[in-house]
Structure formats: C-alpha cells, structure tokens
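Below is the structure, and that's it, no one-letter string:
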Ligand code: AMP
C-alpha cells in the first residue's frame, strides 16, 4: 500500500448530529492521511474571536444555535480550501454541508476543484454518517470540555482528564463551549433534525452514503471509518 500521507484522498464528509463524534474522528483521519480537517464551526468561531465582518454576523447565530446563511459559509469554506495551501490531496469536512443547498454547492465546487488539482479523479465526496441515539448525544454534549490552548477534547463522563477540568497535555483550565449549554443544545439538535436529515436522503439517493454506528467505543468507530475510507473509490 502506498504511503497514506502522499495519496490523493479527495473530499471526505462526516455527517452526524452535534456530539456524534465527528470532530474526534476527523482529527484521527487528518493525522492518518496528512490532510486538513476543516470545521466550519471552528472557522466561524475563529471569525467571531478575531472580530471580522463575518464574525459580527455569525456571533448571535452561533450563540442561539441556529445556522449561518449558506452563502456566507460557502464563501468562507471556498476561501479556506483555495488559499490554505494544504488541501491539494484532499480534506475532511466537519460540520459542512448542513443543508441541501450547501450539499448541492459542494458537488459543483468539487467538480471544478478536482479538475484543477487531480484531473480524472472522482469528484463525489466520501460521505460518512456517524449515527448516535438522542440520550447518548445529550450526555456527550453536556459533558464535553475542550482545551483552549491545544484544542484537545475531553468528556467528563467518558473521557475525563487526569485532573478535574485541567488539560493533560498543557495544564490549561478546560472550557465548555458556549453553545454546549443545555438550552442551546436542544436548539442545535432541533436545527440538525430539521435541516440536516434531508442530506442523508440526498447522499443515499446518489449512492455515496456510508453509515456507521457511533454508539460504539471510540476505537471501534475509528476502525469502521478508516476501513470505509480505505475501501472507498479514492485510494
Ligand atoms: P459546530 O462546531 O459544527 O457544532 O458548529 C457550531 C455552530 O456554527 C453551529 O451551531 C452553526 O451555528 C454554525 N455552523 C457551523 N457549520 C455551519 C454550516 N455548515 N452552515 C451553517 N452554520 C454552521
């Protein structure tokens, strides 16, 4: 097998409700293939933190758990992919697409982008849906903590740090994301149901949806995800 960090991988899309473990699995895939994980949520939070024009528009939407407009997110993502300098072998999308409009935009974008960076390769993304039950999602989201310094993610129930509320790696005090507050969580899960579930049907009808049971242990989920990508039509 060729070195996984030198092959063209293309676009991998991870679908799943907030808390399904998309972020964790994306980071593992990113390391394995040496391609970036692109989280539209992270990009938006970064814009808010830097006080950009986009950040000013996105701030209240993020705080209330709604969705930022398709056009703004698409533009931000395209810029990240085209100017990042690290995407020529592929990238993992975490949190995008979230609506049918975004999924259709992505198909069009990938046709153009693949023709530029890897002519002749398949343009459709490998789409993986990480499915997790509702109660399990609530537990994961309310227990989630992250390190503001290194980005490592913990869960007070299932993956606690060695010392309460402190990062194992660098000793920084862990934080709870603002939108992981309980009342915002139910709004985010509702937005997910309403706007994102149709994506599952969209990709299913196009024949490129792969389902994974996200209720299993983290390692099992990772094993299933890697197997899928390896057996996909990309590598
Ligand atoms: P996440 O970190 O993926 O859970 O995203 C956090 C928040 O960012 C979401 O609740 C939305 O408000 C916003 N967001 C992230 N990705 C998108 C997207 N693709 N479309 C619209 N809004 C998004």
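Sure thing, it's come through. All values derive from a computational prediction rather than experimental measurement. Residues are numbered from 1 along each chain as shown.

Could you pull out the helices in this protein for me?
22-33, 40-50, 53-64, 70-83, 100-117, 134-143, 182-191, 197-206, 218-231 (DSSP state H).

What residues of stretch 58-66 count as buried?
Judged by neighbour count using 16 or more other C-beta atoms under 10 Å, the buried positions of stretch 58-66 are 58-59, 62, 65. C-beta coordinates here come from the backbone N, C-alpha and C atoms, glycine included.

Give me the contact list for stretch 198-209.
Applying C-beta atoms under 8 Å, 6 or more residues apart in numbering, the external contacts of stretch 198-209 come out as 13, 15, 97-100, 103, 124-127, 129.

rewinding a little: format the buried residues of stretch 58-66 as a markdown table; extra columns: pLDDT and distance to the ligand.
Below are the buried residues of stretch 58-66 laid out as a markdown table (pLDDT from 0 to 100; distance: C-beta to the nearest ligand atom, whole Å):
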| residue | pLDDT | distance to the ligand |
| --- | --- | --- |
| 58 | 95 | 7 |
| 59 | 95 | 10 |
| 62 | 91 | 5 |
| 65 | 77 | 5 |
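
closest to residue 117 among these?
Set against residue 117, the nearest of the buried residues of stretch 58-66 by C-beta to C-beta is residue 58 (28.4 Å).

lowest confidence element among the helices and strands of the chain?
The helix or strand with the lowest mean pLDDT-type score in the chain, counting by mean pLDDT, DSSP states H and E, is helix 182-191 (a mean of 82).

circling back to that earlier point, among the contacts of stretch 198-209, which two are most distant?
Spatially, the most separated pair among the contacts of stretch 198-209 is 99 and 126, at 19.7 Å (C-beta to C-beta).

between those two, who's got more neighbours?
residue 126 (24 against 19; other C-beta atoms under 10 Å).

dump the residue contacts of that one.
10-13, 208, 210, 228-229, 232, 234.

next one: residue 35
Counting by C-beta under 8 Å, 6+ apart, residue 35 has contacts 9, 29, 86-87, 89-92.

How much space separates residue 130 from residue 9?
For residue 130, the distance to residue 9 equals 18 Å [C-beta to C-beta, to the nearest Å].

err, residue 230, not the other one
Residue 230 is 10 Å from residue 9, by C-beta to C-beta.

Same check on residue 153?
For residue 153 relative to residue 9 (C-beta to C-beta), the value is 23 Å.
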